[in-house]
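# Based on what follows, work out the 3D shape:
(chains A and B)
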Amino acid sequence: MKKIVLITGSTQGIGLATSKKLSENNIVIINDNKGIDDNFIRENFKGNEVFYFKADISNSNDLESLKDFILQKFGRLDMVVAHAGIIPLPCDIDNITPENIDKTVNVNLIGTFNTLKIFGNLIKDTSKNGSIVTTTSVDGIIGEPYNAIYSATKAGIISLTKSFARYFGENIRVNAVAPGLIDTPLTASTGEDPKATTDYSIIQRMGTAGEIANAICFLLSDEASYITGQILAVDGGFTLK
Amino acid sequence: MKYDCFKNKVAFITGSTSGFGKATAMELAKNGAIVILNYANDDERAKKAAVEISNFGTVGDCIKADISKEEDILKIVSIIKEKFGKLDYLVNNAAIDIGGSFENFSIEDFKKEMNANLIHRFYLIQQSVELMRKSNQPRVVNVASRYAERPLADASPLCISEAGTVMLTKVAALELAKFNIKVNTISPALAITPLTEAIMNKEDFDAYAKVNPSGRVCDPQDVANTILFLLSSDADYINGENLNVNGGILLK
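Purely as a prediction, here's the structure:
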């Protein structure tokens, strides 16, 4: 039987690459807060069973509607990739605005918490064998002075991953991937010079969205059935320097 | 077969005729790799393991060598060089555990264990670099354990050598990146293997399973699955990491 997988923030970059890979063997619910073109699913998923639901993870009502949609359509949820999040434009600590702080915390930290709570409980109530993967960042491990609040929310996601792993225990595994510098539209939008950053990576290149998708799919799978509460950095060795 | 990247790759796994090492060798063989087994003492068990694994794939050799001895490390490398001319995957799995309290541990035993579990792991990687540079996907996985992060009584060199193995991985990843050699650690938790069965009974295993967030002990297959992932092309961007396969035990 195919598994039902929800992946939030999945219409571009890492989320899209992951949903493409997951859709090869599962029924996948993709999501963002913007809406998609009529052709999006057909163009990206080659006829695999993929459904879209618009929801802003910082809005609990949206998440409850998404939950109702999943219950009505499938009656069950097996796996979640809590990927949705925002990266604000780089900004030093003295100039970070209260609005920026509120928005980043609301989406990345509180939104991820609500996603894990609502959909983790849905897995617990409807599926026997569940698994969750969150997306943090190496910034959440090593800090980033030009994105201090973003990094703090990503550190918060590391803690949420461990708390939820303990909370769900043997019922649902919860793990995180911590991408390093990955070549996606979102990282390009921050204006960071890829050359400057690849010099830091000891293997001298950016990672690809597909490489993060590989790690997420491994952690979700039964191959990883004894791995829970872990943070897997997929960074080419970035954090070694 | 789960992966298509292992075909005709040469893999050497230390301590691979039982437990984690055997499960890993079996899985690699099933996925098309040529596996080179290793053991220290038990000829009969080694013969049995080699036959069993060769039913599912290719066993390139089964080398009797004691990783606590420096000359045996060199013997391993020279055999692989002569027979295969390259090495794609090195899995530093074998370890020894000489129990004893901190205050009474003999310095000879301490050194022997540090040699087997840490110093000769370094030496084996170092001596394998030349052979691994002939590979197009060279990888090392070091097998540590949860004691790398949390101490256990009456096993001081075990804990210290496992913690050292995690750093061995990082320095090797850093320095060998120029040869495209990627190095990672996996830290399993307690599993039922011949090694642990010799010192624990069913009640001990049950008690451990009860306190583990996953509600069970580790299965060697869990370890094999994770090692294959880390060796595979799916893990091309993972380097210097330590992945715990412990059911979440370190969360407590």
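# From here on, just use CA atoms for contacts and neighbour counts.
OK.
# I'd say B:E70 and B:L118 touch.
No - B:E70 is beyond contact range of B:L118, at 11.9 Å (criterion: CA atoms under 8 Å).
# residues contacting the residue most central in space within chain A?
Closest to where the C-alpha atoms of chain A average out (CA atoms, centre = their mean) is A:H83, at 1.5 Å. Shown in contact with A:H83 (CA atoms under 8 Å, 6 or more residues apart in numbering or on different chains): A:I7, A:T8, A:G9, A:S10, A:G15, A:T134, A:T135.
# Neighbour count: B:E70 and B:L118, which is higher?
B:L118 (28 against 16; other CA atoms under 10 Å in any protein chain shown).
# How about the contacts made by the closest residue to that one other than its chain neighbours?
Using CA to CA, 6 or more residues apart in numbering or on different chains and skipping the chain neighbours, the partner closest in space to B:L118 is B:S161 (5.3 Å). Applying CA under 8 Å, 6+ apart, we find B:S161 in contact with B:M114, B:N117, B:L118, B:A148.
# swap the cut-off to 6 Å and go again
Counting by CA atoms under 6 Å, 6 or more residues apart in numbering or on different chains, B:S161 touches B:M114, B:N117, B:L118.
# Tell me the pLDDT of the first one.
With respect to pLDDT, B:M114 scores 97.
# how many neighbours does it have?
24.
# Just list the residues touching it, thanks.
Counted by CA under 6 Å, 6+ apart, B:M114 has contacts B:S161.
# how about the helices in chain A?
A:13-22, A:40-45, A:60-74, A:98-104, A:112-126, A:139-142, A:148-168, A:185-189, A:194-198, A:209-220 (DSSP state H).
# Pipe the ones you listed into JSON lines and attach mean pLDDT and mean neighbour count per row.
Converted to JSON lines, the helices of chain A look like this (pLDDT from 0 to 100; neighbours: other CA atoms under 10 Å in any protein chain shown):
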{"stretch": "helix A:13-22", "mean pLDDT": "97", "mean neighbour count": "24"}
{"stretch": "helix A:40-45", "mean pLDDT": "97", "mean neighbour count": "14"}
{"stretch": "helix A:60-74", "mean pLDDT": "98", "mean neighbour count": "15"}
{"stretch": "helix A:98-104", "mean pLDDT": "96", "mean neighbour count": "14"}
{"stretch": "helix A:112-126", "mean pLDDT": "98", "mean neighbour count": "19"}
{"stretch": "helix A:139-142", "mean pLDDT": "95", "mean neighbour count": "18"}
{"stretch": "helix A:148-168", "mean pLDDT": "97", "mean neighbour count": "22"}
{"stretch": "helix A:185-189", "mean pLDDT": "72", "mean neighbour count": "13"}
{"stretch": "helix A:194-198", "mean pLDDT": "61", "mean neighbour count": "14"}
{"stretch": "helix A:209-220", "mean pLDDT": "98", "mean neighbour count": "23"}
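# Pipe the ones you listed into TSV and attach distance to A:T228 per row.
Below are those laid out as TSV (distance: least, CA to CA, whole Å):
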stretch	distance to A:T228
helix A:13-22	20
helix A:40-45	29
helix A:60-74	24
helix A:98-104	26
helix A:112-126	14
helix A:139-142	18
helix A:148-168	6
helix A:185-189	28
helix A:194-198	30
helix A:209-220	9
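# who wins for proximity to chain B among those helices?
Nearest of the helices of chain A to chain B, taken as CA to the nearest CA: helix A:209-220 at 5.6 Å.
# helices and strands around that closest one, which ones?
helix A:13-22 (3 or more CA pairs under 6 Å, 6 or more residues apart in numbering or on different chains; DSSP states H and E).
# relative to helix A:209-220, how tilted is the helix it packs on?
60 degrees (axes from the mean of the first three to the mean of the last three CA atoms, to 10 degrees).
# and for helix A:13-22, what are the contacting residues?
By CA under 6 Å, 6+ apart, helix A:13-22 touches A:G9, A:S10, A:T184, A:A209, A:G210, A:A213.
# go on, stretch B:20-28?
B:G15, B:S16, B:I53, B:P220, B:Q221, B:A224.
# Sort out for me which of those residues are in strands.
Per DSSP state E, strands hold no members of those.
# Next, format those as TSV and append neighbour count.
Converted to TSV, those look like this (neighbours: other CA atoms under 10 Å in any protein chain shown):
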residue	neighbour count
B:G15	27
B:S16	29
B:I53	22
B:P220	21
B:Q221	21
B:A224	22
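# which two in the contacts of A:H83 are spaced the farthest apart?
A:S10 and A:T134 (12.7 Å; CA to CA).
# Settle it for me: which of these two has more neighbours?
Using other CA under 10 Å, the more surrounded residue of A:S10 and A:T134 is A:T134, with 27 against 24.
# Alongside chain A, which residues does the stretch 51-200 of chain B contribute?
B:A177 (CA under 6 Å from any CA of the partner chain).
# any chance you could map the strands in the stretch 51-200 of chain B?
Secondary structure of the stretch 51-200 of chain B by DSSP state E, counting those that start in this stretch: the strands cover B:58-64, B:89-92, B:139-143, B:182-188.
# Pipe these into CSV and attach mean pLDDT and distance to B:D154 per row.
Shown next, in CSV, are those (pLDDT from 0 to 100; distance: least, CA to CA, whole Å):
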stretch, mean pLDDT, distance to B:D154
strand B:58-64, 98, 29
strand B:89-92, 98, 23
strand B:139-143, 98, 20
strand B:182-188, 97, 19
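# and of those, who's closest to B:N8?
Once the strands of the stretch 51-200 of chain B are compared by CA to CA, strand B:58-64 is nearest, at 9.0 Å.
# Given that closest one, what are its sheet partners and their directions?
strand B:34-39 (parallel) (DSSP bridges).
# next one: the partner strand to chain centre, how far?
Centroid displacement of strand B:34-39 relative to its chain, using CA atoms, centre = their mean, to the nearest Å, is 12 Å.
# go on, stretch B:204-218?
That offset, for stretch B:204-218, works out to 22 Å (CA atoms, centre = their mean).
# Can you tell me what sits against that stretch?
Stretch B:204-218 has contacts (CA under 6 Å, 6+ apart) with A:G169, A:E170, B:A189, B:L190, B:A191, B:G247, B:G248, B:I249.
# These: which two are farthest apart?
Spatial extent of those (CA to CA) is set by the pair A:G169 and B:A191 at 18.6 Å.
# what about those two, which has more around it?
Shown here are A:G169 and B:A191; by other CA under 10 Å, B:A191 has more neighbours (23 against 19).
# May I have the beta-bridge partners of that one?
In this structure, B:A191 bridges to B:C218 when assessed by DSSP bridges.
# Name all residues that make contact with it.
Counting by CA under 6 Å, 6+ apart, the residues that B:A191 touches are B:V217, B:C218, B:D219.
# Which SSE is immediately downstream of the lowest-mean-pLDDT helix or strand in chain B?
When each helix and strand of chain B is scored by mean pLDDT, DSSP states H and E, helix B:194-197 comes last, with a mean of 85. Following helix B:194-197 in sequence order, the next helix or strand is helix B:202-211 (DSSP states H and E).
# C-alpha coordinates for that following helix, CSV please?
Coordinates of the C-alpha atoms in helix B:202-211 are reproduced here as CSV (Å, rounded to 0.1, in the frame of the first residue of the first chain):
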residue,chain,number,x,y,z
LYS,B,202,17.7,-11.8,27.7
GLU,B,203,16.7,-9.8,30.8
ASP,B,204,19.5,-7.3,30.1
PHE,B,205,18.4,-6.8,26.5
ASP,B,206,14.7,-6.5,27.5
ALA,B,207,15.6,-3.9,30.2
TYR,B,208,17.5,-1.9,27.6
ALA,B,209,14.7,-2.1,25.1
LYS,B,210,12.3,-0.8,27.7
VAL,B,211,14.3,2.5,28.3
